[in-house]
Structure formats: structure tokens, C-alpha cells
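Colleague: return atomic coordinates for the entry below.
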Amino acid sequence: MTLQQCRYLIAVAKYNSITKAAAELFVTQPSISKAVRDLESDLKITVFERSNRGVTFTKEGMELLSYAKMLVEQEENIRYHFNQNESSRILNLSVSSQHFNFAAEAVAQMIRYLKGRKYEFSFLEGKASDVIEHVSAGISALGILSVSSLNRELLERNFMKQSLVFTAMAALAAHVFLSRSHPLASCASIRPEELSGYPCLTYRKNDTPMNFTEDDFNIQKASQLVFVQDRGTMDDLLVHTDGYNLGTGCVRDGFLNPEITAIPLDVPWQIHIGYIKKYDHVLSEEMMRFIDLLSESMRNSLPHV
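Modeller: I've put the predicted structure just below:
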């Protein structure tokens, strides 16, 4: 397997098209097709299937794509290490995360840290299943997510299945996010039964299984459910309705609407925040710096006890 073949796979995955990948790499379409056939012959797998809608990577193809991205990234790191002209290198960073405002702040801090550098930074927010899928497929080098007693066994099975390792960073009490004008906003803590009758706002995409969500507690108990996909919509609905959302209680000034507050949820379990990566993937110096910034941002946003 050559680095050139790795770059071909990455380009095909980017455009879902051999033709567009060939155009980007300034090679012919037959060159990419032959490189893929050679890979399939050497590894005895089918990399992707072709159809009128483009190409679809097989399960083995997605695993191969993940390794291809790691190899190309490591090659770039080696070149950078021995290249004194730092400005000639375009740094590629990719992080997936659940909807944590402290993670967004860490990205902002990282952008300031990289001032003057050439870089491309992908920050993708989604559900726990999205984060795991992104890291497993090599779309993101790092994934930030929460694990609780409600989903621990399910998530750990998926980590093992996808060859991922989880590093815990903090253990936090569960909190309820709601508007400062909410009838429960003055409570020192909230019992689960007190949430009955209020709409539960939760992040979910149509392809996310119900039992895979960190909001499983809310979904099982709530009779009124509102599903959203982005943090902006979540904040707007929390401010303008009597809805609530379950979370870590971490709040960073400027990254959460000031009209929203977090109140401890009276339950006997905690939420563990951490990050996942491929177990055999060596993180770059810049990604390690991002983890430091992430830890600092999370420490500064911990709920008051």
C-alpha cells in the first residue's frame, strides 16, 4: 500500500466520485481505478461499490480509508518535523464532539494558538454515535463525548468493536439546562419527577438509535419530546419555552446564552467527559496542544458546587 494510493482513496471519499477525485489530483480516472484494483487484489477486499449516484465504501473500505488517512497524516508530520520552513505546510486538524460549549471554546483558543500558520480545522458537532463513527472512519482524529451509567456498556462495546480508546477527563453530576424564567429555575436541585410535564429538548438525528443517546434518561421518562440538530436552535428553544435539556452543567461565558442556567439533577449517577481516538493512532503535537486547551476550558467551565 503506497501513500499515493492512500491519497487516491481520500480524494474519492471526499467527492464520492472517481472522476472528481482525478480532477483534484491532476491524474486520469483510469489511474485511480487501477490503484484501487491493485489494493483490492493485494488486500483481498472490495474497497467500494460503484453506482449512478457515485461510489459507496464497503465496511472494509471504510476501515482501509481510516488507515489511509492516518498514514498520510503521519507522513505530513514527518515532513513537517524535518522541514524548517514551517509556513510551507498546511496543517490539517479534525475533531468531532457532542454539543459542549467548552469544546467550542477550546477550538476558539486553538485558532488563536495557530495564528500565522496555514491550516484547515474541521470541528463537527453531533450525537455520540456521530462522534464514534467519525473517529472510527478517520474523518476526525479526536472525538469528545460523554459516558454515563445509562450508556456505558453500550458505548464501551462500540469502542472495542471500532478499535477506539476512551480517555476520561472529568466526572460530573448531571445537570438540567433550562431558561432562567422556567418555573424550576429557582430550585437548588431538581428531582427527575419534577420534570414531568415539561418538554424534553434533545439532540438526535433520524438515524440515531434511541438507546444510544446520553439523553436516554429523558427520552424514557418524557411524554413531550422535541428533537433538534444544532446548538443554536437548542439555546433558542430553551430560552423561549419551558423545555429542558440534560447535560454536564459546564458553562463558558460567551458560549452559552446568559438566559440559560444549569441546575443539578438529583440522580445517583455521574457523567464522564473524555475523548476517543484510534488505539494505534499517534496524535500530532498540535492535537496534543488542543487536548491541553480542552482540559483547561473544561476546568474553567465546571459547575459550582
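Colleague: where in the stretch 201-305 of the chain is pLDDT low?
Modeller: For the stretch 201-305 of the chain, the stretches with pLDDT under 70 are 204-221, 304-305.
Colleague: which residues of the stretch 51-200 of the chain fall in strands?
Modeller: For the stretch 51-200 of the chain, the strands defined by DSSP state E, counting those that start in this stretch occupy 54-57, 90-97, 118-125, 142-148, 164-173, 175-179, 200-203.
Colleague: which residues does the one residue sitting closest to the centre of the chain bridge with?
Modeller: With distances taken as Cα atoms, centre = their mean, residue 96 lies nearest the centre of the chain, 2.2 Å away. In this entry, residue 96 is beta-bridged to residue 124, residue 143, by DSSP bridges.
Colleague: list the contacts of it.
Modeller: By Cβ atoms under 8 Å, 6 or more residues apart in numbering, residue 96 lies in contact with 123-126, 130-131, 134-135, 139-140, 142-144. The C-beta positions use only the backbone N, C-alpha and C, and glycine is treated the same way.
Colleague: with residue 181 instead?
Modeller: Going by Cβ under 8 Å, 6+ apart, residue 181 touches residue 259.
Colleague: for it, give me the pLDDT.
Modeller: Per-residue confidence (pLDDT) for residue 181: 96.
Colleague: that older thread, so which of the strands of the stretch 51-200 of the chain comes closest to residue 268?
Modeller: Among those, strand 164-173 comes nearest to residue 268, with 10.1 Å by Cβ to Cβ.
Colleague: give me the distance between the closest one and the centre of its chain.
Modeller: 14 Å (Cα atoms, centre = their mean, to the nearest Å).
Colleague: so what touches it?
Modeller: 132, 135-136, 143, 147, 155-156, 158-159, 248-250, 264-265, 270-279, 294-295, 298-299, 302-303, 305.
Colleague: in helices, which of these appear?
Modeller: Among the contacts of strand 164-173, the members falling in helices (DSSP state H) are 132, 135-136, 155-156, 158-159, 294-295, 298-299.
Colleague: drop anything exposed from the contacts of strand 164-173.
Modeller: Buried members of those, counted by 16 or more other Cβ atoms under 10 Å: 132, 135-136, 143, 147, 155, 158-159, 248-250, 264-265, 270-278, 294, 298.
Colleague: what's the nearest residue to residue 163 if we skip its chain neighbours?
Modeller: Spatial nearest neighbour of residue 163, chain neighbours left out: residue 279 (5.4 Å); criterion: Cβ to Cβ, 6 or more residues apart in numbering.
Colleague: likewise for residue 298?
Modeller: Using Cβ to Cβ, 6+ apart and skipping the chain neighbours, the partner closest in space to residue 298 is residue 102 (4.7 Å).
Colleague: these two touch, right, that neighbour and residue 250?
Modeller: Yes: taking Cβ atoms under 8 Å as the definition, residue 102 is a contact partner of residue 250 at 5.0 Å.
Colleague: what sits in contact with each of these two?
Modeller: 298, 301.
Colleague: biggest helix in the chain by residues?
Modeller: Counting residues, the longest helix in the chain under DSSP H turns out to be helix 59-81.
Colleague: residues contacting that one, please?
Modeller: 1, 3, 5-7, 9-10, 13, 39, 43, 45-48, 57, 86, 89, 91-92, 136-139, 141, 278, 281-282, 284-285.
Colleague: buried subset of those?
Modeller: Looks like the contacts of helix 59-81 have 5-7, 9-10, 13, 39, 47-48, 57, 91-92, 136-139, 141, 278, 281, 284 buried, using 16+ other Cβ under 10 Å.
Colleague: re the thing from before, could you dump the longest helix of the chain to CSV, C-alpha only?
Modeller: The C-alpha trace of helix 59-81 is given here as CSV (Å, rounded to 0.1, in the frame of the first residue of the first chain):
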residue,chain,number,x,y,z
LYS,A,59,-17.2,-1.8,5.6
GLU,A,60,-13.7,-3.0,4.8
GLY,A,61,-13.2,0.1,2.5
MET,A,62,-14.1,2.4,5.4
GLU,A,63,-11.6,0.7,7.6
LEU,A,64,-8.9,1.0,4.9
LEU,A,65,-9.8,4.7,4.4
SER,A,66,-9.3,5.3,8.1
TYR,A,67,-5.8,3.8,8.0
ALA,A,68,-5.0,5.7,4.8
LYS,A,69,-5.8,9.0,6.5
MET,A,70,-3.6,8.1,9.4
LEU,A,71,-0.7,7.2,7.1
VAL,A,72,-1.0,10.4,5.1
GLU,A,73,-1.2,12.4,8.3
GLN,A,74,1.9,10.7,9.7
GLU,A,75,3.8,11.4,6.5
GLU,A,76,2.9,15.0,6.8
ASN,A,77,4.0,15.1,10.4
ILE,A,78,7.4,13.6,9.4
ARG,A,79,7.9,16.1,6.6
TYR,A,80,7.0,19.0,9.0
HIS,A,81,9.3,17.7,11.7
